[in-house]
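> Sequence and predicted structure are below.
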Amino acid sequence: MSNNNPPAITIGVLALQGAFEEHQRSIESISPQIKTVQIRTPDQLSQIDGIILPGGESTAIGLIGDATSGLWEALRQFVHSSNKPTWGTCAGMILLSERCVGASAVITNGQSLIGGMDILVCRNYFGSQVSSFEMSTPAPPRPPCCNLEGMEDEGEDVNAPFPGVFIRAPAILTVSPDMEVLGKVVAAPSRGAAVVLRELERKIEAGENVIQMGVVDALERGAGGGIRYTDVRLHKDAANDADNEEEKKDTVIQERINIDLPGASDETNAREVICAVRKGKILCTAFHPEIADDLRWHKYFVGMVLAAKQDS
């Protein structure tokens, strides 16, 4: 930053892997009063007013995060307990989900997640890297707080569709009732995602306990060709889990009843899926706003950070 005045807000970008520099450029281009910091260690979290978990490879980010002493637990504390906003884009959205279905060639014991959003996400719903594309998505809401230089509309059409760039992107299949859905699109799942969804629908129709997947459902093909579900959960105290076994059983049954996947078109298998959602101080988008030549989603998140700091 060339401005010598202290920044009004500092936004961290998790910089373990992925498009963190692109987010930094987008955020800092909004206003000289915003500073960004690349987050790689737990102690840096105390220096920021909000954090972005960027797109990239969610498996790689999870593996690096787990290997960095104290970082993953500090991020969970930041997301779950602080009053500071978090924004997850694409892979970052997967990391913030409580449940995720989809295959990964490199996952053996499941993927480490941060959690915080009661959403069911399908990995790679929109296809592989070579299937990346851009499509119109709903315009983001107006920023909740705009008292910062550079946050003005500057003649832009705030209601125009947003150019969503989808790169190996996930989709949100279901959300809890307390979520604010900010955007939906209609799209057919990729071939791999379609297999996952058919299997999930079969389990639901059969009354099977699909929530046994816990937080992440790592799908693995067995020697006989069948699909095996690997139960992976957030890091919890084993003794505490045993004490609450009966309570957990009740929760599982209730959650299983509430699963309702979006219906598929008979002709194209297209479904209406969610691409943007917010709950309180946590924001998720399935696409990559940092690649588009449009700052409206970044301004919206900056507005969330400004409002949270103003209220603190």
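Sure, I can see it.
> Where do the strands of the protein begin and end?
Here the chain has its strands, by DSSP state E, at 9-14, 34-39, 50-53, 86-89, 97-102, 117-122, 133-137, 162-166, 171-175, 180-187, 216-221, 227-232, 271-279, 282-285.
> As JSON lines, these with mean neighbour count, distance to Trp297 and mean pLDDT would be great.
Quick note: C-beta positions are derived from backbone N, CA and C, even for glycine. Below are these laid out as JSON lines (neighbours: other C-beta atoms under 10 Å; distance: least, C-beta to C-beta, whole Å; pLDDT from 0 to 100):
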{"stretch": "strand 9-14", "mean neighbour count": "24", "distance to Trp297": "13", "mean pLDDT": "97"}
{"stretch": "strand 34-39", "mean neighbour count": "21", "distance to Trp297": "15", "mean pLDDT": "96"}
{"stretch": "strand 50-53", "mean neighbour count": "28", "distance to Trp297": "11", "mean pLDDT": "98"}
{"stretch": "strand 86-89", "mean neighbour count": "28", "distance to Trp297": "8", "mean pLDDT": "97"}
{"stretch": "strand 97-102", "mean neighbour count": "24", "distance to Trp297": "19", "mean pLDDT": "82"}
{"stretch": "strand 117-122", "mean neighbour count": "25", "distance to Trp297": "17", "mean pLDDT": "90"}
{"stretch": "strand 133-137", "mean neighbour count": "15", "distance to Trp297": "10", "mean pLDDT": "90"}
{"stretch": "strand 162-166", "mean neighbour count": "21", "distance to Trp297": "7", "mean pLDDT": "93"}
{"stretch": "strand 171-175", "mean neighbour count": "22", "distance to Trp297": "16", "mean pLDDT": "91"}
{"stretch": "strand 180-187", "mean neighbour count": "17", "distance to Trp297": "10", "mean pLDDT": "94"}
{"stretch": "strand 216-221", "mean neighbour count": "20", "distance to Trp297": "26", "mean pLDDT": "36"}
{"stretch": "strand 227-232", "mean neighbour count": "16", "distance to Trp297": "30", "mean pLDDT": "36"}
{"stretch": "strand 271-279", "mean neighbour count": "22", "distance to Trp297": "8", "mean pLDDT": "94"}
{"stretch": "strand 282-285", "mean neighbour count": "26", "distance to Trp297": "6", "mean pLDDT": "98"}
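> mind giving me a markdown table with those strands and columns for distance to Leu63?
Below are those laid out as a markdown table (distance: least, C-beta to C-beta, whole Å):
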| stretch | distance to Leu63 |
| --- | --- |
| strand 9-14 | 14 |
| strand 34-39 | 17 |
| strand 50-53 | 15 |
| strand 86-89 | 17 |
| strand 97-102 | 15 |
| strand 117-122 | 18 |
| strand 133-137 | 28 |
| strand 162-166 | 24 |
| strand 171-175 | 23 |
| strand 180-187 | 29 |
| strand 216-221 | 13 |
| strand 227-232 | 13 |
| strand 271-279 | 26 |
| strand 282-285 | 21 |
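> what's the closest of these to Lys299?
Between Lys299 and the strands of the chain, the shortest gap by C-beta to C-beta is with strand 34-39, which sits at 10.5 Å.
> now the closest one against strand 9-14, angle please.
Per axes from the mean of the first three to the mean of the last three C-alpha atoms, to 10 degrees, the angle that strand 34-39 makes with strand 9-14 is 30 degrees.
> neighbouring strands for strand 34-39, and are they parallel or not?
Strand pairing for strand 34-39, determined by DSSP bridges: strand 9-14 (parallel).
> Without its sequence neighbours, what residue ends up closest to His290?
Quick fix: residue 290 reads Glu, not His. Closest residue in space to Glu290, ignoring its immediate chain neighbours: Glu22 at 4.0 Å, by C-beta to C-beta, 6 or more residues apart in numbering.
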